[in-house]
Every structure is written in C-alpha cells, then in structure tokens.
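S.K.: Model the structure of this input:
(one chain, ligands or ions: 1)
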Amino acid sequence: MIVLVGFMGAGKTTVGHLLSERLGLPFVDSDLVIEQRSGRSVRQIFAEDGEPAFRELEHRVVADLIDGPEAVLALGGGAAEHPETAVRLKSAQVVYLRVGYDEAMLRVAGDEYRPLLRRPDLETLYRRRLGVYDDLAMLTVATDGRRPEEISQDVLAQLAEPAPGP
Ligand code: S3P
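M.R.: Just a heads-up that it's a prediction; the model follows:
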C-alpha cells in the first residue's frame, strides 16, 4: 500500500493517478470515498456536521482503505493528524509530497470545495502538520516548481532504492 500524504495543494491526487498507472495499482482518494459513503460533499459534511464529525468519518474510511486491497491511496491533508490513523500508517509505505505554504496557496486559490481554506490560522495549521508528515514518511519528495510527471518519477525512483541496512 502506497499512501500519499501532504498539505492541500501538494498534488496528491494528480501524482497519485500517475503512480497508479505506472505501478498498475488502483488509485483511491480518501475524500472521494468519504463522499461516496456519506452521499455528501466534504464541504457539506463540514458545514452540516462540523469538522470533528468529518475527522471521525475520515478516520473510519482511511482505516478501512489501509486494511483493504493494495492501492495508491491519497489522503486528505488532515487525515494523518488522527492519532489512530497515524498508528495504522506504520504498516504502509508513506510518501510525503512536500509543498511550501505560498506555493500550496497558489495551487488551491479560490477553491470552494476546501472548507479549511477559510481558516484565519491556516499557516499555523500548515506548520503544525509539517512535523506530522515528516514523522510518518518513509520518503519525502519536494514538489515546489516541479511538474507532476517529474515528481512521480522521483517517487518511483526512490521506492525502487534498496532499504537502508540495519
Ligand atoms: C483537508 C484537506 C482536504 C479535505 C478536507 C480537509 C485538510 O483534502 O480532506 O477539505 O484538513 O487539510 P486535500 O488535502 O486533498 O485537499
């Protein structure tokens, strides 16, 4: 199981599709599965039930996906902050797509479907998550100023490298 983590705008969905094609594995986006299961958009869930309810639903969905069939799995930017999700991710190959704050904001500017973009403390949230992603990552790939194709090739090259010895 290859799991892509990183902040909004890191390119998890785009790079995930490319990786899934190259590896011959299905691509799964946790936000889409949440929307299919609940019959509502992420934005609606946030608006109607609040963020804590979204996080619980997200945790249950991600737990099922991690235990499910082999895939390239892109997680919503906040999913890795759930402590039980973090524990489960220890059994996966976690790839961190790192994006700088300014570049992330440029990439997602004006997106109506990401409710967190309206948070006044978004940059603080971004900084807090850097450590979370770092701790979980088996490998980290910088994405600023790079095209998705180049990023996915970098991920594949690093996945193919032998694991460091004891
Ligand atoms: C979120 C990121 C979104 C989505 C939701 C919350 C977050 O996914 O799960 O809006 O907490 O950062 P992307 O990272 O795919 O944008």
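
S.K.: contacts, neighbours, all on C-alpha from now
M.R.: OK.

S.K.: now what about the helix of greatest length in the chain, what contacts it?
M.R.: The helix that spans the most residues within the chain, counting by DSSP state H, is helix 51-67. Counting contacts by CA atoms under 8 Å, 6 or more residues apart in numbering, the residues outside helix 51-67 that touch it are 1, 30-31, 33-34, 42, 45-46, 73, 75, 79, 82, 84-85, 88-89, 92.

S.K.: Buried ones only from these, please, as a PyMOL command.
M.R.: The buried residues among the contacts of helix 51-67 can be selected in PyMOL (16 or more other CA atoms under 10 Å) with this line:
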select buried, resi 1+30+31+34+42+45+46+73+75+79+85+89
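
S.K.: So which of the contacts of helix 51-67 would count as near the ligand as well?
M.R.: D31 (CA under 6 Å from any ligand atom).

S.K.: Among the contacts of helix 51-67, which are located in strands?
M.R.: Of the positions in the contacts of helix 51-67, L73 sit in strands, assigned by DSSP state E.

S.K.: for the ligand, what are the nearby residues on the protein?
M.R.: For the chain, the residues in contact with the ligand under the definition CA under 6 Å from any ligand atom are F7, M8, D31, G76, G77, G78, R114, P115, L116.
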